[in-house]
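Asker: okay, structure incoming, though there's no sequence with it:
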């Protein structure tokens, strides 16, 4: 493994795989769960979280948000992790494509639409999706994954969905995996009690249900089931699926395993950041060992403590941590010959130009 | 050139290019122009033409239409050209992706959506698109083409839009190219007088306008401008753009040339069928020589006269001729080692299984 890419579990060698150009995909969705006050950091006003996924992929694709002309940082200057993704993919020339499985607004870039896409419900008080939707999304995403897997040997699947660590927790718990500390948070203070309350309400409705698609209709969201379907499709084309995200990808992996589809575990890796790994790495390894022991967990050793910008140093205090495939995209870039120093310098430069636009 | 692929103009050698796996894309749109009685063969009832593009790409992707459970043939048993496309891509393992630039209904398969997609107006009585839309579609399609071009050295762009030979004629005439006999028809009797009447009404509104995007807003449709944008994007990634279609692709090429974008003409080929070539080949060569002399025109020497099925022999009587990238897909398959006999046998078999479902 090249410098900067650390293996927490498993044996997948990313560098050896990316001689051919990989594809970076990012699935976007909304769940109204993100509008529950204090659940998500991804928007200052909770309703704003519904716009974040489209703005994120617009930013990665074009270098600026298109739907609304805003600077993709919090008022205190903490940037979206899409900044890292954008810089990493630009430096390495890796093509990027957004996949909409239920974004509240459509992104203003060409994107792949899943026919059954729809915004997820607020899981503390309503069904996540109309019955049958999860199976449809899974199959649609699987057929898409097959196409992407036939185009490239390595396909990264990132995600952007505020509220996602909460619905991921709900999915994991409903499948009987992990505990209430299993998922991380984009905030420096993980609102675990808050999430637990929301998830418990969802689990009440899912009690006695064992079918993973039904569980997801009741207590999940449109995103993780779509990531799972895409990954299964990619693997069915004999390619490698890089699940680029933090603890949410445990939910995707759990859905893959419980879907009834068989796949080569060793061709799957969760690729994340050191920030997530330091927060929940132990729990992640434990869960992967249990549900898909052949799969790998990798993390990128990005460190912003030497950044001149407070907004980036905030990552070292536990803010943001991951998202929009930031960790996976960084790894792909490094594997394709970008140096860690070069990556960091470009991220700092991009951040500087962002805040100068303010 | 391998047996079966004929060059009508130019020097592009498809076989030498497709050592790497190509991508087959198909742009779909609707124009209300297709609902003018007797303009299009693509649906028996004129309103049905609005559903054809989605059904076509569903059929190519899944082997059956998904939105409505119908057999993709006319009541007299003449199949959609998507049959040829489906068989050719399946035999050669070439990935297929649909691009929606304005289909009346969304296809029930994963598809790429252009943000500014919309159904085109009836050009004999209204604007084709709201002002500014054509430029947006072109730029969106260009950014998509760049992604596809970075994924593969050869990208085919097909089309499905009933009414397309009429709006293509309108675009060509408005750009001062060709005459009223420049475009072919999916019918054995080309309703030239009918089309001329429609186009003349559109041209009245476009009089004095020279900007190609404005012309297209007034008198064109959402499809050809999107095909043009995709092709320019593919070429900007130093890949080859195969415009898979008949005389409609002249309109796309004309829009590319008048867009103000520069590109390598020699990396562009119109790829069509013998049926189109025998109908309008001379006109096609004349127009390509004038607007983009470095580009090629290729056609596939498919001949269904030995078919045991009347529905397929109808192609030899001038019905259908082309569509959904049938000619280009056949060429890609042949270039990738599929034999002409094998291709035909599989088409006949697929047709047989289609009509047996009836």
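Answerer: Happy to help now that I have it. Treat the numbers as computed from the prediction; the structure is a model and nothing was measured.
Asker: can you give me the strands for the stretch 1-150 of chain A?
Answerer: Using DSSP state E, counting those that start in this stretch, the strands of the stretch 1-150 of chain A run over residues A:5-9, A:23-29, A:96-102, A:111-113.
Asker: and these, which is most packed in?
Answerer: Burial of these is given as mean neighbour count (mean count of other Cβ atoms under 10 Å in any protein chain shown); strand A:23-29 ranks first at a mean of 29. No exception for glycine: its C-beta is placed from N, CA and C like everyone else's.
Asker: ok, that strand near chain B or not?
Answerer: Yes. Judged by Cβ under 8 Å from any Cβ of the partner chain, strand A:23-29 comes into contact with chain B at residue A:23.
Asker: name every strand pairing with that strand and say which way it goes.
Answerer: Taking DSSP bridges as the criterion, strand A:23-29 pairs within the sheet with strand A:96-102 (parallel), strand A:154-160 (parallel).
Asker: any idea of the mean pLDDT in the first one?
Answerer: Okay, so that is strand A:96-102. In this model, strand A:96-102 has a mean pLDDT of 98.
Asker: same question, the last one
Answerer: The predicted model assigns strand A:154-160 a mean pLDDT of 98.
Asker: quick check: what element follows that strand along the chain?
Answerer: Remark: after strand A:154-160, the chain's next helix or strand is helix A:164-174, criterion DSSP states H and E.
Asker: next one: that following helix to chain centre, how far?
Answerer: Mean-position distance between helix A:164-174 and its chain equals 13 Å (Cα atoms, centre = their mean, to the nearest Å).
Asker: and the average pLDDT for it is what?
Answerer: If you average the pLDDT over helix A:164-174, you get 97.
Asker: any idea which of the strands paired with strand A:23-29 gets closest to residue B:112?
Answerer: Closest to residue B:112 of the strands paired with strand A:23-29, according to Cβ to Cβ: strand A:96-102, at 8.1 Å.
Asker: interface residues of chain A facing chain B?
Answerer: A:21, A:23, A:61-62, A:93, A:95-97, A:99-100, A:106-115, A:140-141, A:143-144, A:147, A:150-152.
Asker: name only those of the residues you listed that count as buried.
Answerer: Among those, those classed as buried by 16 or more other Cβ atoms under 10 Å in any protein chain shown are A:21, A:23, A:61, A:95-97, A:99-100, A:106-115, A:140-141, A:143-144, A:147, A:150-152.
Asker: the worst-scoring helix or strand of chain A on mean pLDDT: which residues count as buried?
Answerer: Ranked by mean pLDDT, DSSP states H and E, the helix or strand of chain A with the weakest confidence is helix A:14-17, at a mean of 88. Residues of helix A:14-17 classed as buried: A:14, A:17 (neighbour count, 16+ other Cβ under 10 Å).
Asker: burial count for residue A:318?
Answerer: Neighbour count for residue A:318, taken as other Cβ atoms under 10 Å in any protein chain shown: 17.
Asker: give me every residue that touches it.
Answerer: Shown in contact with residue A:318 (Cβ atoms under 8 Å, 6 or more residues apart in numbering or on different chains): A:187-189, A:275, A:279.
Asker: how much space separates it from residue A:187?
Answerer: According to Cβ to Cβ, to the nearest Å, residue A:318 stands 8 Å off from residue A:187.
Asker: ok, now which ones touch the residue in the stretch 151-300 of chain A that chain B sits nearest to?
Answerer: Relative to chain B, the nearest point of the stretch 151-300 of chain A is residue A:151 (5.5 Å; Cβ to the nearest Cβ). Taking Cβ under 8 Å, 6+ apart, we find residue A:151 in contact with A:23, B:21, B:23, B:95, B:151-152.
Asker: looking at those residues, spot the one nearest residue B:67.
Answerer: Nearest to residue B:67 out of the contacts of residue A:151 is residue B:95 (Cβ to Cβ; 21.7 Å).
Asker: contact partners for the nearest residue to residue A:17 once chain neighbours are set aside?
Answerer: Once flanking residues are discounted, residue A:17 sits nearest to residue A:154: 5.1 Å by Cβ to Cβ, 6 or more residues apart in numbering or on different chains. For residue A:154, the contacting residues are A:14, A:17-18, A:20, A:22-23, A:239-240, A:242, A:332, by Cβ under 8 Å, 6+ apart.
Asker: likewise for residue A:8?
Answerer: A:277, A:281, A:284-285, A:297-299.
Asker: try it again at 6 Å.
Answerer: Under the criterion of Cβ atoms under 6 Å, 6 or more residues apart in numbering or on different chains, the neighbours of residue A:8 are A:281, A:285, A:297.
Asker: separation between it and chain B?
Answerer: 31 Å (Cβ to the nearest Cβ, to the nearest Å).
Asker: and if you look at residue A:18?
Answerer: Distance, residue A:18 to chain B, by Cβ to the nearest Cβ: 14 Å.
Asker: that residue: how many residues sit nearby?
Answerer: Neighbours of residue A:18 (other Cβ under 10 Å): 24.
Asker: next, name the residue at the spatial heart of chain A.
Answerer: The residue lying closest to the centre of chain A (Cα atoms, centre = their mean) is residue A:159, at 3.2 Å.
Asker: please tell me how far it sits from residue B:250.
Answerer: 43 Å.
Asker: residue A:71 too?
Answerer: Taking Cβ to Cβ as the measure, residue A:71 falls 45 Å from residue B:250.
Asker: neighbour count winner among these two?
Answerer: Counted by other Cβ under 10 Å, residue A:71 and residue B:250 do not tie: residue B:250 has more neighbours, with 31 against 17.
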